[in-house]
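Q: my questions are about this predicted structure, shown below with the sequence.
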Amino acid sequence: MAIERTLAIIKPDAVGRGLTGEILSRIHAAKFHIIVIKTRRLTKKEAEGFYAVHRERPFFEELTAFMSTSKAVVMVLEAENAIAKWRDIMGATDPAKAAPGTIRKELGASIQYNCTHGSDAADTAAFEIGYFFSGSELV
Ligand code: ATP
Ligand code: MG
């Protein structure tokens with residue numbers, strides 16, 4: 001298995017509910033290396049660019065409004081197989097369908113307010129990391 005990097009976000013719902021520490025401790029327990037981390041209130045335009053793959057979906061407007069309401073925590077995680085590993089820890093998009101023990105099952109409120117984001121493939125991880133961080137932040 002290769003060492004990979006993935007883009008993780010603690011979304012505004014989770015930050016607003018005081019879940020940042022709980023989610024970071026799960027990241028620590030899973031032995032990810034946090035390469036870089038920052039808090040950021042996305043602009044609506046930034047949220048639209050980030051989720052551009054979903055622009056035709058019925059939930060696009062609501063999703064990008066939600067993602068730009070208040071601060072999120074944006075970070076790059078490194079580990080063996082980091083992309084799939086972080087998605088396993090997050091669980092399925094809909095908390096009602098997520099496996100027991102996952103972040104979304106235990107902490108998520110709804111399919112929209114599902115606490116975290118994770119890149120879904122190597123190419124999207126590269127795009128998403130570059131969307132928020134520049135080269136000198138990634139060494
Ligand atoms: P993410 O990309 O945030 O890690 P994901 O890959 O599990 O989540 P996507 O299909 O990429 O899920 O959807 C992106 C986000 O859009 C979801 O995490 C959720 O916040 C929101 N979303 C997805 N489906 C719906 C829906 N049916 N109604 C409302 N919001 C939705
Ligand atoms: Mg996705």
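A: Right, received. Where do you want to start? Residues are numbered from 1 along each chain as shown. Ligands and ions are numbered 1, 2, ... in the order given.
Q: checking the residue nearest the centre of the chain next. Helix, strand or coil?
A: What sits nearest the mean C-alpha location of the chain, by CA atoms, centre = their mean, is residue 117, with 2.2 Å. Secondary structure assignment for residue 117 (DSSP: H, G, I helix; E, B strand; the rest coil): strand.
Q: surely it touches residue 13?
A: No: applying CB atoms under 8 Å, one finds residue 117 not in contact with residue 13, separated by 11.2 Å. All C-beta spots, glycine's among them, are computed from the backbone N, C-alpha and C.
Q: on that earlier part again, now the residue nearest to the centre of the chain, nearest residue through space, not along the chain?
A: Sequence neighbours aside, residue 9 is the residue nearest to residue 117 in space, at 3.8 Å (criterion: CB to CB, 6 or more residues apart in numbering).
Q: my guess is residue 131 contacts residue 50, does it?
A: Yes: with contact taken as CB under 8 Å, residue 131 and residue 50 are classed as touching, separated by 5.9 Å.
Q: what about these two, which has more around it?
A: Ranked by neighbour count (other CB atoms under 10 Å), residue 131 and residue 50 place residue 50 first, with 22 against 13.
Q: so what's the more buried one up against?
A: When the contact criterion is CB atoms under 8 Å, 6 or more residues apart in numbering, the partners of residue 50 are 42, 67, 128, 131.
Q: what about it, distance to residue 126?
A: Going from residue 50 to residue 126 by CB to CB, to the nearest Å gives 14 Å.
Q: joint contacts of the two?
A: By CB under 8 Å, 6+ apart, no residue touches both residue 50 and residue 126.
Q: what about residue 43, distance to residue 64?
A: Shown here: residue 43 relative to residue 64, a distance of 10 Å by CB to CB.
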